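Enquirer: The sequence isn't on hand, but the structure is:
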Ligand code: FE
């Protein structure tokens, strides 16, 4: 037999990435992006925060937008598979000394246990939720839909996955593996045996969370949070609508080799990088899956399977962004980029 040896009994205590807090210095702009262009539905407001959900998100909300001077992530919220599963994870997290304590429930999410990763990014785990109940005039005839598909923008269905910039990918990956039971799907190893990226899953999707090495050396920052638009025919609409509203697409549409995910990256007006996912790459049902290892000599295919190369700032720009930069920031776009391009074009022709 060639079955790999499983040393530890797997943990199935975390079900899904179910909520995310996004900091924005331009809440009105961020809400315009998510509500008007991507069809998310506002479900509540509280203090400096606005709560939103995609039309297929089952709970009260999946996204919490909070005003902060700097863009970035507030917390990532993970839903446990059961109440005993939550208790097991909390006990294990407490033993690592990384637990910050229980956070009172808010707007449709019950009490959550908060903890920080080795790089400092804040995570929460919870069980209790309020399910979304659509008003009568928004009920779908399709009983497996939480509501009818909205007619606003190019509507995203749901929160999808999270990618965090890490000072040390391995430390954060190990924490997710050992404390939360995530399985490693694919990773990038540089020549000096430094892990430069790790894509991990809770169940059969190729990834629910990823860590990539923070070229700035800081770590604990948001690289991107992703939302699923699902229908393949929405890709062209999304590109068209976003571009026509002055939002420059950073990269894509194209396809990564890692996870084989079709991608599209865009900056929301608050400065955070958002990924829109159309088609998931592949599923993993093999319980003894051997993680795919990409090394430097195969890196080009790992990053881009087909499509244009990523800009170099894809590896360095994250939020909060500490370096002064004109890189694709809202104030720089769109006319400033157009002028740069026209000037360069003119210089060649004249
Ligand atoms: Fe992604």
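Expert: Looks like it arrived, so ask away. Since this is a predicted model, take the numbers as computed values, not measurements.
Enquirer: Would you mind naming what in the stretch 151-300 of the chain lies close to the ion?
Expert: Within reach of the ion by CB under 5 Å from the ion, the stretch 151-300 of the chain has these residues: 163, 226, 275. All C-beta spots, glycine's among them, are computed from the backbone N, C-alpha and C.
Enquirer: if I read this right, the first one contacts residue 213, doesn't it?
Expert: No: Residue 163 lies out of contact with residue 213 (CB atoms under 8 Å); the separation is 11.5 Å.
Enquirer: if I pick residue 65, what's in contact with it?
Expert: Going by CB atoms under 8 Å, 6 or more residues apart in numbering, residue 65 touches 21, 22, 24, 27, 30, 31, 34, 49, 50, 51, 52.
Enquirer: which one is the third one nearest to, not counting chain neighbours?
Expert: Same thing as residue 24. Among residues not flanking residue 24 along the chain, residue 270 sits closest, at 3.1 Å (CB to CB, 6 or more residues apart in numbering).
Enquirer: Could you say which helix or strand holds the one you found?
Expert: Under the criterion of DSSP states H and E, residue 270 resides outside all helices and strands.
Enquirer: if I look at it, how far off is residue 33?
Expert: Separation of residue 270 from residue 33 (CB to CB, to the nearest Å) stands at 8 Å.
Enquirer: And residue 74, by the same measure?
Expert: Counting by CB to CB, the gap from residue 74 to residue 33 is 17 Å.
Enquirer: Looking at those two, which is more packed in?
Expert: residue 33 (26 against 18; other CB atoms under 10 Å).
Enquirer: burial measure for residue 57, as a count.
Expert: For residue 57, the neighbour count with other CB under 10 Å is 25.
Enquirer: Counting neighbours, what do you get for the nearest residue in space to it that is not next to it in sequence?
Expert: Leaving aside its sequence neighbours, residue 57 sits nearest to residue 158 (CB to CB, 6+ apart; 4.8 Å). For residue 158, the number of neighbouring residues by other CB under 10 Å comes to 22.
Enquirer: repeat for residue 320
Expert: Per other CB under 10 Å, the neighbour tally for residue 320 reads 18.
Enquirer: sec struct for the closest residue to residue 323 other than its chain neighbours, please.
Expert: Of all residues not flanking residue 323 in the chain, residue 216 sits nearest, at 7.1 Å (CB to CB, 6+ apart). Following DSSP: H, G, I helix; E, B strand; the rest coil, the label given to residue 216 is coil.
Enquirer: Can you measure across stretch 106-114, start residue to end residue?
Expert: Start-to-end span of stretch 106-114 (CA to CA, to the nearest Å) is 14 Å.
Enquirer: what pairs with the residue of the stretch 251-350 of the chain found nearest the ion across the strands?
Expert: Residue of the stretch 251-350 of the chain nearest the ion, by CB to the ion: residue 275 (4.6 Å). Beta-bridge partners for residue 275, by DSSP bridges, are residue 226, residue 265.
Enquirer: check contacts around it.
Expert: 160, 163, 224, 225, 226, 227, 263, 264, 265.
Enquirer: mind checking the SS state of the third one?
Expert: Of the three states, residue 224 takes strand under three-state DSSP.
Enquirer: so it makes contact with residue 266?
Expert: No: look at residue 224 against residue 266 with CB under 8 Å: they stay out of range, at 9.6 Å.
Enquirer: Common neighbours of these two, please.
Expert: With CB under 8 Å, 6+ apart as the test, residue 224 and residue 266 both reach 273, 274.
Enquirer: So residue 321 belongs to a helix, correct?
Expert: No: counting by three-state DSSP, residue 321 is not part of a helix but coil.
Enquirer: quick one, what contacts it?
Expert: 70, 71, 271.
Enquirer: Excluding residues flanking it in the chain, which one is nearest the last one?
Expert: Spelled out, it's residue 271. Residue 271 sits nearest to residue 71 (CB to CB, 6+ apart), 4.0 Å away.
Enquirer: and what of the first one?
Expert: When the adjacent residues along the chain are set aside, residue 70 lies closest to residue 320, with 4.1 Å between them (CB to CB, 6+ apart).
Enquirer: number of nearby residues for the closest residue in space to residue 129 that isn't next to it in sequence?
Expert: Once flanking residues are discounted, residue 129 sits nearest to residue 59: 4.7 Å by CB to CB, 6+ apart. As a burial measure, residue 59 scores 20 neighbours (other CB under 10 Å).
Enquirer: Against residue 16, how distant is residue 59?
Expert: 10 Å.
Enquirer: same check, this time on residue 191
Expert: 35 Å.
Enquirer: Nearest to the ion: which residue in the stretch 51-200 of the chain?
Expert: For the stretch 51-200 of the chain, CB to the ion, closest residue to the ion: residue 163, 4.9 Å.
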